[in-house]
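>>> need a structure here:
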Amino acid sequence: MRKEIILGILCFLIAASICVQYRSVHSYTTEGQASVQSMSQNKLRDRVLKEKENNTKLNALYDSAEKELEQVTKDSANKSDETKQLEEQLSELNRLCGYTDITGKGLIITLRDADPSENDSSDSIVHDLDLIDVVNELFNAGAEAVSINDQRILSTTAINCNGNVVRINNEKIAVPFVIKAIGSPEGLYGTLFRPDGYLDLMKNANIKIEFEKKENNDLVIPKYTGKRQYEYLQIDE
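Numbering: from 1, shown residues only. Next up, the predicted model:
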């Protein structure tokens with residue numbers, strides 16, 4: 001009987017000990033899980049806040065980049081317009097200065113020396129002064145561009161005699177002299193071929209003169225291919 005009581009007490013104590021240990025373990029496990037869960041939530045919360053902060057910065061950078069892109073696009077458009085205007089002005093200046101080929105209506109005049117049998121005087125030969133007078137009459141009649149044997153006539157062009165040949169833009173030019181002029185075909189013709197005009201005088205000296213009116217904007221005058229050299233001209237900046 002005494003053994004049974006002692007055995008019962010031992011069993012009770014063991015059972016109580018097991019119960020206490022279970023509760024301790026359960027309590028520790030529950031608290032640990034709660035602690036771990038709490039730590040995870042804090043980390044996640046911190047990460048979310050950090051990502052929100054980064055996202056805010058990225059949005060700000062995006063807005064800034066978008067505004068900068070708009071400004072660059074706007075500036076580029078303005079620059080493109082300014083560039084286009086400058087290119088148009090440069091093209092017009094090149095045309096006026098003779099640095100581009102031009103096409104239009106006009107007149108072609110061909111001059112040849114008289115046959116030796118018809119006239120033996122110096123008047124039977126086309127001289128540099130004859131070419132100068134014809135060119136001046138063309139410009140006075142409204143010609144917008146003139147060339148002689150494809151040598152573009154500019155304000156600085158020199159026409160002079162060099163032995164038996166004529167030099168234009170320092171290039172040797174021989175007969176026949178083909179003069180092209182862009183302008184009103186009728187106006188140019190009326191001025192040059194008027195009675196007692198310069199070509200009329202040349203014709204009386206048996207100089208051979210031919211002409212052709214170009215009405216279809218297919219008369220081409222080439223650009224000036226030489227180089228202008230200025231020794232005394234000063235450009236103010």
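>>> got the residue ranges for the helices in the chain?
Secondary structure of the chain (DSSP state H): helices at 2-97, 128-140, 185-192, 198-204.
>>> per-stretch mean pLDDT over the ones you listed, give me the minimum one.
Sorting these by mean pLDDT places helix 2-97 lowest, at a mean of 62.
>>> Q234 versus the residue nearest to L107 when sequence neighbours are not counted, what's the distance?
Closest residue in space to L107, ignoring its immediate chain neighbours: L188 at 4.4 Å, by CB to CB, 6 or more residues apart in numbering. Bear in mind the C-beta positions are built from the backbone N, C-alpha and C, glycine included. With distances taken as CB to CB, to the nearest Å, L188 is found 37 Å from Q234.
>>> Looking at the two now, which is surrounded by more residues?
Counted by other CB atoms under 10 Å, L188 and Q234 do not tie: L188 has more neighbours, with 24 against 6.
>>> N170 - how many residues pack around it?
11.
>>> Show the contacting residues for it.
Residues near N170 by CB atoms under 8 Å, 6 or more residues apart in numbering: 158, 226.
>>> Go again with 6 Å.
Not one residue lies near N170 by CB atoms under 6 Å, 6 or more residues apart in numbering.
>>> Also L192?
137, 199.
>>> rerun that using 10 Å as the cut-off
For L192, the contacting residues are 107, 109, 134, 137-138, 140-141, 143, 179, 181, 198-200, 209, 211, by CB atoms under 10 Å, 6 or more residues apart in numbering.
>>> Kindly report the same for P185.
104-108, 211-215, 219.
>>> For the nearest residue to it once chain neighbours are set aside, give its distance to L107.
Spatial nearest neighbour of P185, excluding adjacent residues (CB to CB, 6+ apart): K213 at 4.1 Å. For K213, the distance to L107 equals 6 Å [CB to CB].
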